[in-house]
Structures are given as structure tokens and as C-alpha cells.
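Peer 1: Fold the following, please.
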Amino acid sequence: MKKIFTTFFVLLAALSLQAALHLNYEKWEGDEKVVTEVTQNTTIIVTEYEWDEDLEEALMEVKGQLYSDETENITVTITRQSTGIIDQLCAAGNCVPGNGELNQVCEFTVGTAAFQRSWYTHYTPMEAGEEVISYEFNDGVNPTITLTINYSYKTTAIDNVVAPQYNGKIYNLLGQKMSANELSELPKGIYITNGKKYIKQ
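Peer 2: Next up is the predicted model:
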């Protein structure tokens with residue numbers, strides 16, 4: 001009996017050592033997708049962006065997979081370099097806009113399906129320069145993983161944007177049309193109207 005108990009204890013200890021919080025991010029290099037595992041403290045520099053023809057602005061993002069071996073609830077603490085940053089974090093099918101805050105704490109419930117483990121960030125640079133946003137991922141069991149993203153926007157093309165025609169419609173960051181016709185009628189958040197993003201505080 002003692003031998004069986006010792007074997008069980010060793011197996012349990014081995015399993016607990018393998019349990020971890022997993023976070024990675026994806027990057028395309030040519031035609032190949034490269035997946036990089038994030039260690040406890042990782043900083044990446046993002047310089048690539050996509051141009052949104054409808055909004056006539058740049059969009060920068062980072063995406064990957066997130067899950068924990070021991071829990072489904074992940075808490076993310078976001079720290080931004082300055083207020084007024086237009087960004088959002090999406091994980092497990094839910095998105096949390098930044099709302100121009102310096103600090104923010106949000107919780108996501110991840111699962112086993114791929115879409116329940118996916119995460120990504122969207123950042124909209126308003127002018128050439130750099131912004132730094134730090135994300136601390138914690139599952140309450142394993143050590144916190146900190147991913148710092150340095151968004152570096154080098155082009156000045158955003159300064160030469162021609163404003164689109166005004167149509168008076170208001171959208172949220174997911175592209176959904178809001179029922180209100182005035183920003184004053186909406187709750188706090190980030191909205192798009194007339195091709196520009198506005199922070200309602």
C-alpha cells in the first residue's frame with residue numbers, strides 16, 4: 001500500500017509540474033505562419049498594419065492562442081502608456097474596448113475549442129509614432145505571463161486622410177450600427193461615426 005501511495009504521489013507531482021498557463025502569438029513570414037510561445041515576460045514590436053478602406057485608417061493587431069491546464073478563467077490586466085489610445089482586446093469570443101483608460105482589468109472564460117482559445121488585439125494609430133500596451137495574463141494558479149506590445153507606426157499617410165461623406169450613422173468597434181443618432185445618447189465607450197473614432201467618457 002505504501003508503494004502504491006508513493007507512486008500516486010509522484011504521478012500527481014509530475015502532473016502538477018506540467019500544468020501551465022499557455023499564451024502564444026502568430027506571425028506570418030512569407031507564406032508560413034510562425035507561432036511563438038510567450039514566456040513570463042515578453043516584449044514584441046509590431047510595425048505591420050492593414051489599411052481599412054471604409055474607415056480610411058490603419059489597423060494593427062496581434063493574435064494567437066490562450067489557455068490554462070488547470071482553469072478556464074483568465075484575468076487580463078491591461079496597462080496603456082497614455083490615455084485616449086484606441087484599442088480593444090478580444091478573447092474566447094468576447095471583446096473589451098479600451099475606452100481611453102490607462103488601466104483595465106477584464107476576465108475571459110476560455111474553453112477547449114479553437115475559437116474559445118483564440119485571442120487578438122486591435123490598435124488604431126492616430127498618427128505616426130509608438131504606443132506601448134502591456135497585458136498581464138493570470139489564471140490564478142500559475143505565474144502571471146506579461147506580454148508587452150510596442151506598436152510602432154512609421155508612415156505619415158494617416159495625416160493625409162480625406163474625410164468620408166457624413167452619414168450620421170454611429171457604429172461600435174465591432175461594426176454594429178447603434179440605435180442612437182447622437183454620441184450623447186450612448187453609454188461610455190469607443191464609437192465610429194463619419195469615418196472617425198470617438199471616445200465617449
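Peer 1: Buried ones in stretch 79-99, by neighbour count?
Peer 2: For stretch 79-99, the neighbour count (16 or more other Cβ atoms under 10 Å) marks 80, 85-92, 96-99 as buried. The way it works is simple: take the backbone N, C-alpha and C, and place the C-beta from them, glycine included.
Peer 1: Now do residue 114 against residue 52, distance only.
Peer 2: Per Cβ to Cβ, to the nearest Å, residue 114 is found 26 Å from residue 52.
Peer 1: And for residue 142?
Peer 2: Residue 142 is 37 Å from residue 52, by Cβ to Cβ.
Peer 1: Out of these two, name the residue with the larger neighbour count.
Peer 2: residue 142 (17 against 12; other Cβ atoms under 10 Å).
Peer 1: what's near enough to touch the residue nearest to that one when sequence neighbours are not counted?
Peer 2: Sequence neighbours aside, residue 21 is the residue nearest to residue 142 in space, at 4.1 Å (criterion: Cβ to Cβ, 6 or more residues apart in numbering). Shown in contact with residue 21 (Cβ atoms under 8 Å, 6 or more residues apart in numbering): 67, 68, 69, 74, 137, 138, 139, 141, 142, 143, 145.
Peer 1: Pick the one among these closest to residue 59.
Peer 2: residue 137 (22.8 Å; Cβ to Cβ).
Peer 1: show me what contacts the residue nearest to the closest one when sequence neighbours are not counted?
Peer 2: Of all residues not flanking residue 137 in the chain, residue 145 sits nearest, at 4.6 Å (Cβ to Cβ, 6+ apart). Residues counted as contacts of residue 145 (Cβ under 8 Å, 6+ apart) are 21, 23, 38, 39, 40, 41, 42, 136, 137, 138.
Peer 1: which non-adjacent residue is nearest the second one?
Peer 2: Spatial nearest neighbour of residue 23, chain neighbours left out: residue 38 (4.3 Å); criterion: Cβ to Cβ, 6+ apart.
Peer 1: so residue 102 makes contact with residue 83?
Peer 2: Yes - applying Cβ atoms under 8 Å as the test, residue 102 and residue 83 come out as touching, 5.7 Å apart.
Peer 1: mind checking the longest strand of this protein?
Peer 2: strand 57-68 (DSSP state E).
Peer 1: Show me what that one is packed against.
Peer 2: strand 21-29, strand 41-46, strand 50-52, helix 114-117, strand 118-124, strand 145-153 (3 or more Cβ pairs under 8 Å, 6 or more residues apart in numbering; DSSP states H and E).
Peer 1: mind redoing it with 6 Å?
Peer 2: strand 21-29, strand 50-52, helix 114-117, strand 118-124 (3 or more Cβ pairs under 6 Å, 6 or more residues apart in numbering; DSSP states H and E).
Peer 1: Contacts for it next, please.
Peer 2: Outside strand 57-68, the residues within contact range by Cβ atoms under 6 Å, 6 or more residues apart in numbering are 21-26, 46, 49-52, 110, 117, 119-125, 139, 149, 151, 158.
Peer 1: Now do the buried residues in it.
Peer 2: 57, 58, 60, 61, 62, 64, 65, 66, 67, 68.
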